[in-house]
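S.K.: the following comprises the amino acid sequence and a computationally predicted model.
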Amino acid sequence: MSRKTIKDEACDKVAGFREISQAFTRKFIVAGKSESFVDNYLLQISKLVLFYERSPLELSIDELEEYLLFMRANSTPSLSTFKHLVYGLRQLYRIYSVKEMELALPEIEYPVTLPVVLSKEEVKRLILTPKYQKHRLIIGTIYDGGLRISELINLQIKDVDFDRKTIHIRQSKYKKDRYVPISTMLIRGLKGYIDDSNPQDYLFNGRIKGSPISEAAVRHLLGQGIKRVGIKKKVCVHTLRHRYATHLLEDGLDIVTLKNQMGHVKVQTTMIYLHITQVAPHRGFSPLSTLFPKGQ
């Protein structure tokens, strides 16, 4: 028997909320948003519904502000739950054309922060640290292709073109496909790993062959590597993607090609990395080639 979720509880206790949540979900799924995207918003809206035991369409501005004040005082430092509630309610009130409540919601400023920067030497040590070949290749593939963690775990063997030295990223963020170049060194490592480990379907299997490695497992192995290398900076899997971008700019890749390799929709997203240096246009390439120029 599955455990009842907070949303299920809100749907059972509050009249009309089941229909509201269904309409909300339908709107965003049709718009191409992921289920996790919708679930994050509905989770926080469901907590609001259970707090007052009334539909969000029946709340007054005072009640809404009272709950937002409560949320602000009890949110994590990142304010992620508070933001999900505000964004979710804004979309909900737009769907039902409740303009007064939509306008009562606060604007949330986006902090302008720069990504954590790792040196090339730190990345090199991080790649070489894991004991097992598979773990070294996981870190190397994230860095060499500038992959998001979701892109790595969904990568299948058929997505690696060993002759063209590219990886095919399928239906990633924004529902876009893209090809990214990878180095000869990574190609050689992946060929050896596939021959030795014989993965099935997914390039990096989980505990069961034919199923992908989990995000938690990837984060764990990276965390262990960071500890062994002694890096004190706040590093996560996405830091390797950031460093992919800055290293390529340092090596001379132009901003438009970098945008395409990273799978960004707008070049403005990529331009945050231009704080590194002025660059000259080059053909697309991968950073492991310069990190290990002799392939060692």
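M.R.: It's in.

S.K.: pass me the low-pLDDT residue ranges in the protein, would you?
M.R.: Within the chain, the segments meeting pLDDT under 70 span 1-3, 75-78, 109-115, 173-175, 274-285, 294-296.

S.K.: strands along that one, start to end?
M.R.: Secondary structure of the chain by DSSP state E: the strands cover 160-161, 166-169, 178-181.

S.K.: what helices or strands is the last one leaning on?
M.R.: Applying 3 or more CB pairs under 8 Å, 6 or more residues apart in numbering; DSSP states H and E, one finds that strand 178-181 makes contact with strand 166-169, helix 255-262. Backbone N, C-alpha and C define where each C-beta goes, glycine included.

S.K.: among the strands of the chain, which is the most enclosed?
M.R.: strand 166-169 (a mean of 21; mean count of other CB atoms under 10 Å).

S.K.: listing partners with orientation, what would you give for it?
M.R.: Counting by DSSP bridges, the strands paired with strand 166-169 are strand 160-161 (antiparallel), strand 178-181 (antiparallel).

S.K.: can I get stretch 159-178 in CSV, CA atoms only?
M.R.: The C-alpha coordinates for stretch 159-178 follow below in CSV (Å, rounded to 0.1, in the frame of the first residue of the first chain):
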residue,chain,number,x,y,z
ASP,A,159,24.3,7.8,-27.4
VAL,A,160,28.1,7.6,-27.7
ASP,A,161,29.4,8.0,-31.2
PHE,A,162,33.0,6.6,-31.0
ASP,A,163,33.8,7.5,-34.6
ARG,A,164,32.6,11.1,-34.5
LYS,A,165,33.7,11.5,-30.9
THR,A,166,30.4,13.0,-29.8
ILE,A,167,27.7,12.3,-27.2
HIS,A,168,24.1,12.6,-28.1
ILE,A,169,22.1,14.2,-25.2
ARG,A,170,18.4,13.3,-25.7
GLN,A,171,15.5,15.4,-24.6
SER,A,172,17.2,17.1,-21.7
LYS,A,173,16.2,20.3,-20.0
TYR,A,174,13.9,22.4,-22.2
LYS,A,175,13.1,19.2,-24.1
LYS,A,176,16.1,19.7,-26.4
ASP,A,177,18.5,17.3,-28.1
ARG,A,178,22.1,18.3,-28.6
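
S.K.: contacts for it, please.
M.R.: Around stretch 159-178, the neighbours that count as contacts under CB atoms under 8 Å, 6 or more residues apart in numbering are 32, 141, 145, 147-148, 150-151, 154-155, 179-184, 187, 190-191, 203, 260-261, 263, 265, 286.

S.K.: out of the residues you listed, which are buried?
M.R.: Listed as buried from the contacts of stretch 159-178 are 141, 145, 147-148, 151, 154-155, 179-183, 187, 190, 203, 261, 263, 286; burial here means 16 or more other CB atoms under 10 Å.

S.K.: just the ones of those residues in helices?
M.R.: Members of those lying in helices (criterion: DSSP state H): 141, 145, 151, 187, 190, 261.

S.K.: helices of the stretch 51-200 of the chain, residue ranges please.
M.R.: Under the criterion DSSP state H, counting those that start in this stretch, the stretch 51-200 of the chain contains helices at 61-74, 80-95, 99-104, 120-128, 133-145, 149-153, 184-197.

S.K.: now the last one against helix 133-145, angle please.
M.R.: What it means is helix 184-197. Following axes from the mean of the first three to the mean of the last three CA atoms, to 10 degrees, one obtains 150 degrees for the angle between helix 184-197 and helix 133-145.

S.K.: right, I'll call it a day here.
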